[in-house]
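In: Using only what follows, build the 3D model:
(2 chains)
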Amino acid sequence: MLLQVEKLCKNFGGLKAVQNIDFSIDSGEIVAIIGPNGSGKTTFFNVISGILPVSSGGIFFRGQDVTSWKAHDMAKVGLTRTFQNIRLFPELSVRDNLIIGRYSKNSSGALDGIFHSKRLRLEEQSNEQVVNEILEFTGLASMRNVLATNLPYGAQRRLEIARALASEPSLLLLDEPAAGMNPKEVDQLLALIRALKQRGLTILLIEHQMRLVMGIAERMVVFDHGEKIAEGEPAVIRCDPKVIEAYIGTEVNECVGN
Amino acid sequence: MAKPALQFAQNLAHKPATAIILIAVLLGFTFIDSLDLTEEYIFGAYAKHILFISLIYSVVTLSLNFVTGYVGQTSLGHAAFFGLGGYVSALTTSLLHLPYGVAFILSGLVAALVGLPLGAPALRIKGPFLVVVTYGCGEVFKFIAINLDITGGPAGLPGLISPTLGIAFSDIGVTGKEAFIVAALILALVLAFIMYRLEDSRVGHAFAAIRQDEIAAASMGINPAYYKLMAFVFGAFFAGLAGSLFAHYMSFISPDMLSSNESIMMLTMVVIGGARSIPGAFLGAFLLTITPEFLRFVKDVFGLSYDPWLVLFGLLLVVMMRVKPQGLLGAETVFRR
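Out: I've put the predicted structure just below:
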């Protein structure tokens, strides 16, 4: 089991944003979390990626207890994420954003920098190689030197994924990667995620666009009011009455015919 | 007029050879005039004094750039480290009778050590709150210096040693203190070099990431607390060294060195020169040291009843904020390698 979450709770004062979530994801899986707005999906991401502290419960990464770890520790063991409201380094170029993505794979410090040590130079060489490869892979190579803030919206979303890839994660968390994208950009994103799956990457994503989710997820988890109300294969989830009531809407009849 | 000056400074920044020649001319001027004790000597001594002060403030401005420039945290208490360095080396030489070299290193180390806990609030608060906290810390230092016997109280400590290192030409006034000009210049250049190298290392990249988006930086594996403290400690260390040089050059130290006016001036130098810009730090320091001196002449010549500098200073700040908020040589962040 790559990531295991046990009875996870997150409270903000009296508000129970995430309640008693049991969840796990295995290497190579693509799992989607869906649910209405305010159902605790992003809070769940923030807690497992170490940005928010846990209220109660436990998080285990490759069997190791990481419950109290901070975001930067999680990134070092291979859990990298993107954000719902894009968080790039706006004043840095596309390439430099990826260089920062390489941070957790490098180890040189202040003295290496001042003396331009061999370690730093070796790291720079390998970074350059990895960054170029990821730029090609994500279709950002032609925008290499453009400042992140000047990129079109869809490219900013892709750059966030590219930056996460630069850290060579073992588990990639995508928080609404298709939010605000036009249909063409969604298709590109779908192709990108499929390609990542081919490479054996484990992906956990939050997504609202059912077209995207149904196209790639092997398993779905449904949140409502901070609780997990359903879990299973997309085809089964789509016909679950609880899910339909909470999220998809009661008007859907297509399941009856199947 | 501002544009050619700007281009000149930018050229200087990109052409090390030009910079070296300029430095050589400055130093030549510093030494040659000392040989001749004629009327010009008075001006020479005065110019050298201004040169030294400008260089010291260049070091201080560069050091404040770690905190304000690199991790983007506004500190209004930087004079605390500058003064602390001065007091540490003053006491090391006058009470412990240790050689100046030891006092110099010690001043930086103690300032860095004190910077560590003082940097801690900077981990939790930002913006105007941090400004108030750092301002408060600076004031606390000042009142400690005023109220302790060991620091000489409000009168400070006079008669500090000023080693000549054998490059003084006479013992009259600052002509005996060329060693300090050279030391300040070397310190400024070493610090500029360190910053130039750091900017484009993994550490500099981490600084840039934290400055632009702390949460995104943390999700990339960067520990913001670690780097903010590192910036504070580096800044304090070099400010302490500069304070030591300053105190012993003056052979006198008083709590004025710790005043909030000093801190505000240091921050203004960073802002006017351009945060994160190394030539900008020099430009800010020289500009804000030389201009008030020049305007003193203007005041005398025109017989003004007020100091035109204060009027101009206010105006300069307003115009800068309106026209060029990133500073005269405001730097863009582009990783060189």
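
In: quick one: pLDDT of whichever residue of chain A sits closest to chain B?
Out: For chain A and chain B, the shortest gap (Cβ to the nearest Cβ) falls at residue A:113, measuring 2.5 Å. Placement of C-beta: from N, CA and C, glycine included. pLDDT for residue A:113: 91.

In: residues in contact with it?
Out: A:120, B:197-198, B:200-204 (Cβ atoms under 8 Å, 6 or more residues apart in numbering or on different chains).

In: which residue sits closest to it, ignoring its sequence neighbours?
Out: Take residue A:113 and drop its neighbours on the chain: the residue closest to it by Cβ to Cβ, 6 or more residues apart in numbering or on different chains is residue B:201, 2.5 Å away.

In: how deep is that neighbour tucked in, by neighbour count?
Out: 26 (other Cβ atoms under 10 Å in any protein chain shown).

In: ok, it touching residue A:108?
Out: Yes - if you go by Cβ atoms under 8 Å, residue B:201 and residue A:108 touch, sitting 6.6 Å apart.

In: Find the residues that touch each one of those two.
Out: Counting by Cβ under 8 Å, 6+ apart, the residues touching both residue B:201 and residue A:108 are residue A:120.

In: Now do the residue nearest to residue A:113 against residue A:49, distance only.
Out: Look at residue B:201 and residue A:49: by Cβ to Cβ, to the nearest Å, they are 27 Å apart.

In: Go through the host helix or strand of residue B:184 and flag the buried ones.
Out: If you go by DSSP states H and E, residue B:184 is part of helix B:178-199. Buried residues in helix B:178-199, counted by 16 or more other Cβ atoms under 10 Å in any protein chain shown: B:178-185, B:187-189, B:191-192, B:194-195, B:197-199.

In: what does stretch B:237-251 give?
Out: Buried, per 16+ other Cβ under 10 Å, within stretch B:237-251: B:237-250.

In: Sitting in helices, which of those residues do you find?
Out: Using DSSP state H, the members of those that fall within helices are B:237-250.

In: Adding pLDDT as columns, could you present the residues you listed in TSV?
Out: Putting those into TSV (pLDDT from 0 to 100) gives the following:
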residue	pLDDT
B:237	97
B:238	97
B:239	97
B:240	97
B:241	97
B:242	97
B:243	96
B:244	96
B:245	95
B:246	95
B:247	94
B:248	93
B:249	92
B:250	91
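
In: can I get the residues you listed in TSV with distance to chain A?
Out: What follows is those, written out as TSV (distance: Cβ to the nearest Cβ, whole Å):
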residue	distance to chain A
B:237	12
B:238	13
B:239	17
B:240	18
B:241	16
B:242	19
B:243	22
B:244	21
B:245	21
B:246	25
B:247	27
B:248	26
B:249	27
B:250	31
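
In: Adding distance to residue A:169, write those residues out as a markdown table.
Out: Below are those laid out as a markdown table (distance: Cβ to Cβ, whole Å):
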| residue | distance to residue A:169 |
| --- | --- |
| B:237 | 36 |
| B:238 | 38 |
| B:239 | 40 |
| B:240 | 41 |
| B:241 | 42 |
| B:242 | 44 |
| B:243 | 46 |
| B:244 | 47 |
| B:245 | 48 |
| B:246 | 50 |
| B:247 | 52 |
| B:248 | 53 |
| B:249 | 54 |
| B:250 | 56 |
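
In: Okay, domains of chain A per the record?
Out: Domain ranges of chain A: A:1-78+A:169-258, A:87-168, per automatic domain parsing.

In: Between its first and last residues, how far does the shortest one reach?
Out: So that's domain A:87-168. 19 Å (Cα to Cα, to the nearest Å).

In: what's the answer for stretch B:59-76, then?
Out: So stretch B:59-76: terminal residues 17 Å apart, Cα to Cα.

In: Contacts for the helix ranked longest in chain A, please.
Out: Taking DSSP H as the criterion, chain A has its longest helix at helix A:118-137. Here helix A:118-137 makes contact (Cβ under 8 Å, 6+ apart) with A:94-95, A:98-99, A:102, A:105-108, A:112-113, A:141, A:144, A:162, A:165-166, A:168, A:195, B:201-202, B:337.

In: what sits against residue A:85?
Out: Counting by Cβ under 8 Å, 6+ apart, residue A:85 has no contacts.

In: My guess is residue B:126 contacts residue B:132. True?
Out: No - under the criterion of Cβ under 8 Å, residue B:126 is not in contact with residue B:132, lying 11.4 Å apart.

In: Stretch B:99-116: how far from the chain's middle?
Out: 16 Å (Cα atoms, centre = their mean, to the nearest Å).
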